[in-house]
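> Whatever this is, show me its structure:
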Amino acid sequence: MFKKFISVVGALLLVVTITLTIFTNASPMALLNNYQLNYNLTHPTKDTIFINNVIPFKWDHGYYFSPYVELKDIKKHINVKHFPDKLYNDDQAHIIYVYKGHVEAIVNGLGRSRGYWFYFSLSQVYRFTPKDDLTFTVRKQTNGIYEYVLKS
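A predicted model of the protein is given here:
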């Protein structure tokens, strides 16, 4: 009975993984990384965070793109072999983490649905690496959404 249960759960996980991969055009690992990162950012434990302490995966470059940066410009900046186009939305900011030429995670969507906002700078494109170890002030708004404001 237990083996049958494990087999059914395993089959369901495989179907969910394949479905998400097809519909988002993202790797299963990127989807898992997004989930882990979103969890960390919606459950802060301090008023100040270092970006390297909340990112639970390897990355060598991060990019912030303000809303309305075109997809072709994003692809030009990040220079990866494969980009999950279906995760792009022109009226939203995107934070993209890359490791060895592959997209590891994409943070996009509206803050009210995600549970947090990032404020990087006034520029349309902001590039950073783990060596920069960016520091953010964390503030919880009255609506429960967390603001992450880059410290200068």
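> For the residue nearest in space to the middle of the chain, which non-adjacent residue is spatially closest?
The centre of the chain sits closest to Val107, judged by C-alpha atoms, centre = their mean, with a distance of 2.9 Å. Of all residues not flanking Val107 in the chain, Ile95 sits nearest, at 4.1 Å (C-beta to C-beta, 6 or more residues apart in numbering). Every residue, glycine included, has its C-beta placed from N, CA and C.
> Does that neighbour lie in a helix or a strand, and which?
strand 94-99 (DSSP states H and E).
> Check which residues of that strand are buried.
His94, Ile95, Ile96, Tyr97, Val98, Tyr99 (16 or more other C-beta atoms under 10 Å).
> I'd like to know which elements it is packed against.
strand 61-65, helix 71-78, strand 102-107 (3 or more C-beta pairs under 8 Å, 6 or more residues apart in numbering; DSSP states H and E).
> can you rerun that using 10 Å?
Judged by 3 or more C-beta pairs under 10 Å, 6 or more residues apart in numbering; DSSP states H and E, strand 94-99 is in contact with helix 28-42, strand 61-65, helix 71-78, strand 102-107, strand 125-128.
> The shortest one pairs with which strands, and in what direction?
Strands adjacent to strand 125-128 in the sheet, as given by DSSP bridges, are strand 61-65 (antiparallel).
> what residue ranges in this structure score low on pLDDT?
The model of the chain has pLDDT under 70 over residues 1-29, 86-87, 110-112.
> is it true that the residue nearest to Val107 touches Gly62?
Yes: the pair Ile95 / Gly62 is scored as a contact, 6.6 Å apart, by C-beta atoms under 10 Å.
> list residues touching both of those two?
Common neighbours of Ile95 and Gly62, counting by C-beta atoms under 10 Å, 6 or more residues apart in numbering, are Ile51, Ala105, Val107, Phe120, Tyr126, Phe128.
> how about the nearest residue to the first one, chain neighbours excluded?
Translated: Ile51. Nearest non-adjacent residue to Ile51, counting by C-beta to C-beta, 6+ apart: Leu134, 4.3 Å away.
> One more: the fifth one?
When the adjacent residues along the chain are set aside, Tyr126 lies closest to Tyr64, with 4.0 Å between them (C-beta to C-beta, 6+ apart).
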